[in-house]
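Enquirer: Would you be able to build a 3D model of this:
(one chain, ligands or ions: 3)
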Amino acid sequence: MQVFKFGGTSVGTPERMKDVCKLITDDGTPKIVVLSAMSGTTNSLVEIADYVRKGNPEGAGIIITHLRRKYRAHIPELYATEEMRQCTRQLIDNIFLDIHDLCSLKFSDSIEKEILSKGELISTNMVTNYLKEQHVKAVLIPALEYMKIDRNGEPDMHYIREHLKHQLNANPGYDIYITQGFICRNAAGEVDNLQRGGSDYTATLIGASIRAEEVQIWTDIDGMHNNDPRFVEGTTPVRQLNFEESAELAYFGAKILHPTCIQPARIAGVPVRLKNTMDPFAPGTIINNEMQEGTIKAVAAKDHITAIKIVSSRMLLASGFLCKVFSIFDKYKTPIDMITTSEVGVSVTIDKTSRLAAIVERLKKIGTVQVDHEMCIICVVGDLRSENTGFETVATEALRDVPLRMISYGGSNHNISFLISMDDKQRALQALQDTIFAKSE
Ligand code: ADP
Ligand code: ASP
Ligand code: MG
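Expert: Numbers count the residues shown, from 1 in each chain. Ligands and ions are numbered 1, 2, ... in the order given. I've put the predicted structure just below:
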């Protein structure tokens, strides 16, 4: 069985939904199809929840009305029969009534997550009903029945595998199994999600659970580019990536993939193919176990990074200093991304800053602390084993005019990372593009 995932733009209009349906039914092979919310919907739901948080249900109401009107207008465009129009209109109206009800409750994180879940619930129902109207043997598998995260927010693989199997066995003989991306339940059984962009993660979790032959992630671009096309001119698609390389790129900011979605596919050995819904015959990018030797593949950037430098003469020739530093970050459940050390100090970067004040307070007991906000990690990914001499020089040389706060190399065979100010991000990315990829072409 193959797993196909379509992102927000791919199901962004009734026309696009029809294209997706054609695409998934063309070759007649059975598929699990993961769908995102229609583009813009989750952002609107975030805005609605934000009004509720601020105690302004009227503000929330205005966006709900606008969104509901938009969805109602899609119905006659999508369905041919009055019967299906009526049935889907009713379904969508009920979901919007739910949103209204949630907005009248006292705000909490779980109310927000319920509101955020509605986009995928609407899009999957719309597409399933369209397929049914087209006489395709399609069924909707509710993600809230099998997708689950544990107390640490990590996917509960055992639960997912067992409950997904149950859902599939309970619905034998269908050609297309539609399901919601992004949404799940947490350890307490409440509605939760896999973080923004999480539909990619849903797809690879399903792929790993059923040992799919391939997971295809369909989006609005022809695969992973060698640099961020939103900031850099002249980027080109990368045809093949190793699991490790793509995991690094996703984690360090390549928005085309959810930051951790490659992990389940890598562990299960399920290849991931990135494809363009707007250009289905373009080759896209294949992510698998193969390693193309001796090349730099791509560059990515992760924004809003905080750097913390701890300087202490006590570190000199003393053991246990780094252990003390790390245990403080561990105590506050704050992961460290980059680290560099010297005789008298250590610099680390973090992405999650909710416990920063408490961390700094503790660190000040063991050293002098400097915090820099709004930094950016630039990550250069490829075959960067030490035998491949010269690659680090090319990357560093490209950044000769950019102030570098940290450099990290050797943690894996696949990356060299630079910490710079976010103000320098665009020119740093362009300089790397012009130097590395111009040289390798
Ligand atoms: P979807 O809604 O289908 O999940 P996303 O917006 O999450 O799509 O991801 C696709 C977008 O990722 C592209 O339109 C592109 O702007 C952006 N992007 C950022 N970095 C890269 C990269 N290295 N290669 C391709 N696309 C990238
Ligand atoms: N709809 C969710 C979001 O916008 C999940 C996704 O699109 O992958 O973040
Ligand atoms: Mg996405």
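
Enquirer: check contacts around the nearest residue to Gly367 once chain neighbours are set aside.
Expert: Take Gly367 and drop its neighbours on the chain: the residue closest to it by Cβ to Cβ, 6 or more residues apart in numbering is Ser312, 3.3 Å away. Every C-beta, even on glycine, is put in place using the N, C-alpha and C of the backbone. Residues in contact with Ser312 (Cβ atoms under 8 Å, 6 or more residues apart in numbering) are Phe321, Val344, Gly345, Ile366, Gly367, Thr368.

Enquirer: I'd assumed Leu322 was in contact with the fifth one.
Expert: No. Counting by Cβ atoms under 8 Å, Gly367 stays clear of Leu322, with 11.4 Å between them.

Enquirer: so which residue of the chain comes closest to ligand 3?
Expert: Scanning the chain for the residue nearest ligand 3 gives Gly197, at 4.0 Å (criterion: Cβ to the ion).

Enquirer: Need phi/psi at the nearest residue to that residue once chain neighbours are set aside.
Expert: Distances taken as Cβ to Cβ, 6+ apart place His258 nearest to Gly197, at 4.4 Å, with adjacent residues excluded. Backbone torsions of His258, given as degrees, to the nearest 10, read phi -60, psi 140.

Enquirer: thinking His258 is in contact with Asn193, fair?
Expert: No. Assessed by Cβ under 8 Å, His258 is found out of contact with Asn193, at 11.2 Å.

Enquirer: circling back to that earlier point, keep only those of the contacts of Ser312 that are in helices.
Expert: Among the contacts of Ser312, the ones falling in helices (DSSP state H) are Phe321.

Enquirer: any idea which element Val402 lies in?
Expert: Here Val402 sits in a region with no helix or strand, counting by DSSP states H and E.

Enquirer: now swap in Tyr51 and tell me
Expert: Per DSSP H and E: Tyr51 is located in helix 41-53.

Enquirer: Would you mind putting the CA coordinates of that helix into CSV?
Expert: Provided in CSV are the C-alpha atoms of helix 41-53 (Å, rounded to 0.1, in the frame of the first residue of the first chain):
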residue,chain,number,x,y,z
THR,A,41,-7.7,27.6,7.1
THR,A,42,-5.4,26.6,10.0
ASN,A,43,-4.1,30.2,10.1
SER,A,44,-7.7,31.4,10.4
LEU,A,45,-8.4,28.9,13.1
VAL,A,46,-5.3,30.1,15.0
GLU,A,47,-6.6,33.6,14.7
ILE,A,48,-10.1,32.5,16.0
ALA,A,49,-8.5,30.8,19.0
ASP,A,50,-6.4,33.9,19.7
TYR,A,51,-9.5,36.0,19.9
VAL,A,52,-11.0,33.5,22.3
ARG,A,53,-7.8,33.6,24.4
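
Enquirer: residues of whichever helix or strand comes after that helix that come out buried?
Expert: Using DSSP H and E, the next helix or strand after helix 41-53 towards the C-terminus is helix 57-78. Judged by neighbour count (16 or more other Cβ atoms under 10 Å), helix 57-78 contains these buried residues: Pro57, Gly59, Ala60, Gly61, Ile63, Ile64, Leu67, Arg68, Tyr71, His74, Ile75, Leu78.

Enquirer: Check these and tell me the two furthest apart.
Expert: Using Cβ to Cβ, the two most remote members of those are Pro57 and Leu78, lying 30.4 Å apart.

Enquirer: burial count for the residue of the stretch 201-350 of the chain found nearest ligand 2?
Expert: With Cβ to the nearest ligand atom as the measure, His258 is the residue of the stretch 201-350 of the chain nearest to ligand 2, at 6.8 Å. Residues contacting His258 under the criterion other Cβ atoms under 10 Å number 23.

Enquirer: coming back round to it: quick one, which of Gly367 and Leu322 is more surrounded?
Expert: Set Gly367 next to Leu322 and count neighbours by other Cβ under 10 Å: Gly367 wins out with 20 against 15.

Enquirer: The more buried one: what's it in contact with?
Expert: Ile310, Val311, Ser312, Arg314, Met315, Gly345.

Enquirer: gap between the closest residue to the second one other than its chain neighbours and ligand 1?
Expert: On the basis of Cβ to Cβ, 6+ apart, the spatially nearest residue to Val311 that is not a chain neighbour turns out to be Gly345, at 3.9 Å. Taking Cβ to the nearest ligand atom, to the nearest Å as the measure, Gly345 and ligand 1 are separated by 33 Å.

Enquirer: wait, isn't Gly345 in contact with Ser313?
Expert: No. Between Gly345 and Ser313 there is no contact under Cβ under 8 Å: 9.6 Å.

Enquirer: the more surrounded of those two?
Expert: Neighbours per residue, other Cβ under 10 Å: of Gly345 and Ser313, the larger number sits with Gly345, 18 against 12.

Enquirer: Show me what Ile286 is bridged to.
Expert: As for beta bridges, Ile286 partners with Gln240, Arg273 under DSSP bridges.

Enquirer: neighbours around it, how many?
Expert: If you count neighbours by other Cβ under 10 Å, Ile286 ends up with 20.

Enquirer: Helices of the stretch 151-300 of the chain, residue ranges please.
Expert: Secondary structure of the stretch 151-300 of the chain (DSSP state H, counting those that start in this stretch): helices located at 157-170, 199-210, 243-251, 262-268.

Enquirer: now do the stretch 1-150 of the chain
Expert: Under the criterion DSSP H, counting those that start in this stretch, helices of the stretch 1-150 of the chain are mapped to 14-25, 41-53, 57-78, 82-103, 109-116, 118-133.

Enquirer: same deal with the stretch 301-441 of the chain?
Expert: 321-331, 356-363, 391-398, 425-432, 438-440.

Enquirer: most packed of those?
Expert: When you average the neighbours per residue for each of the helices of the stretch 301-441 of the chain (mean count of other Cβ atoms under 10 Å), helix 425-432 leads with a mean of 20.

Enquirer: roughly how far apart are the residue nearest to Asp19 when sequence neighbours are not counted and Asp175?
Expert: Using Cβ to Cβ, 6+ apart and skipping residues adjacent in sequence, the residue nearest Asp19 is Thr277, 6.9 Å away. Counting by Cβ to Cβ, to the nearest Å, the separation of Thr277 from Asp175 is 20 Å.
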